[in-house]
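need coordinates for the following:
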Amino acid sequence: MFYKDERIAVFIDGKSLFACSKGLGFEIDFKLFRKEFARRGKLNKLSYFTTLVDNEEFSSVKPLVDWLTYNGYNTVTKMVKEYVDPSGFRKVKGNTAVEMTIAVLDMVPYVDHIVIVTGDKDFKPLIEAVQQRGTRVSVVSSIRVQPPMLSDDLRRQADNFIELDELRSLIEKVPHGSNGLHQTNGGLNAPVPLERGTA
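Predicted coordinates:
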């Protein structure tokens, strides 16, 4: 539930959003994403958190971060290390959970409603802390992917759960047309870079 005059801040766990939308089989148009949450109230802050792999020559996430930075998003990136585990698999160590937690708590005094885009159960104590300060919390994720991307504990703790799949018609990136642009809600928009790698 959103109220027209309430002050809203949205915090996006990039890795979680990418995995969730990929599992649902669609790509996010971040211009439409911003528009949707601006429509729901007074959008005070829109932040996107992601990791970048240290020493990686080309990052598929970097173009997205650049686009978001120049289009109304507050972007927070963290350099992480890639390593090979004992089984020989390449893995990335590190996330932006701490940075996102601090940013959310810093914003609590200035908003009425915080939207957290993640399914990570580690954010449950953060939601509790925000609620104890009198601010409502909505969580955006999905229970329609297999396995579900949303922790049941997180869903129960939140004041409101928004199924990402139900936002699809409002925030989905429409395929490019022959003229290099794509139609969105009856109008033309420039293509938006997409997150394709580790976020």
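
quick one, strands of this structure?
For the chain, strands defined by DSSP state E occupy the ranges 7-13, 42-53, 74-84, 90-93, 113-117, 136-141, 160-163, 182-184, 187-189.

mean pLDDT added to the ones you listed, as TSV?
Putting the strands of the chain into TSV (pLDDT from 0 to 100) gives the following:
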stretch	mean pLDDT
strand 7-13	97
strand 42-53	94
strand 74-84	86
strand 90-93	72
strand 113-117	98
strand 136-141	97
strand 160-163	96
strand 182-184	40
strand 187-189	39
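
in a markdown table: those, plus mean neighbour count.
(Glycine included, C-beta is placed from N, CA and C.) As requested, the strands of the chain are arranged in a markdown table below (neighbours: other Cβ atoms under 10 Å):
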| stretch | mean neighbour count |
| --- | --- |
| strand 7-13 | 24 |
| strand 42-53 | 20 |
| strand 74-84 | 15 |
| strand 90-93 | 12 |
| strand 113-117 | 24 |
| strand 136-141 | 23 |
| strand 160-163 | 15 |
| strand 182-184 | 15 |
| strand 187-189 | 11 |
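
quick one, which of these is nearest to Ser60?
Nearest of the strands of the chain to Ser60, taken as Cβ to Cβ: strand 42-53 at 10.1 Å.

adjacent strands (with direction) for that closest one?
strand 7-13 (parallel), strand 74-84 (parallel) (DSSP bridges).

turn the strands of the chain into TSV, columns for distance to Pro125.
Conversion of the strands of the chain to TSV gives the following (distance: least, Cβ to Cβ, whole Å):
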stretch	distance to Pro125
strand 7-13	15
strand 42-53	17
strand 74-84	20
strand 90-93	22
strand 113-117	12
strand 136-141	12
strand 160-163	18
strand 182-184	38
strand 187-189	38
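
which stretch among those comes nearest Leu24?
So among the strands of the chain, strand 160-163 is nearest, using Cβ to Cβ, at 9.5 Å.

tell me how far the closest one lies from the chain's centre.
13 Å (Cα atoms, centre = their mean, to the nearest Å).

can you name every helix or strand that that strand contacts?
In terms of contacts (3 or more Cβ pairs under 8 Å, 6 or more residues apart in numbering; DSSP states H and E), strand 160-163 is packed against strand 136-141.

give me the angle between the strand it packs on and strand 7-13.
30 degrees (axes from the mean of the first three to the mean of the last three Cα atoms, to 10 degrees).
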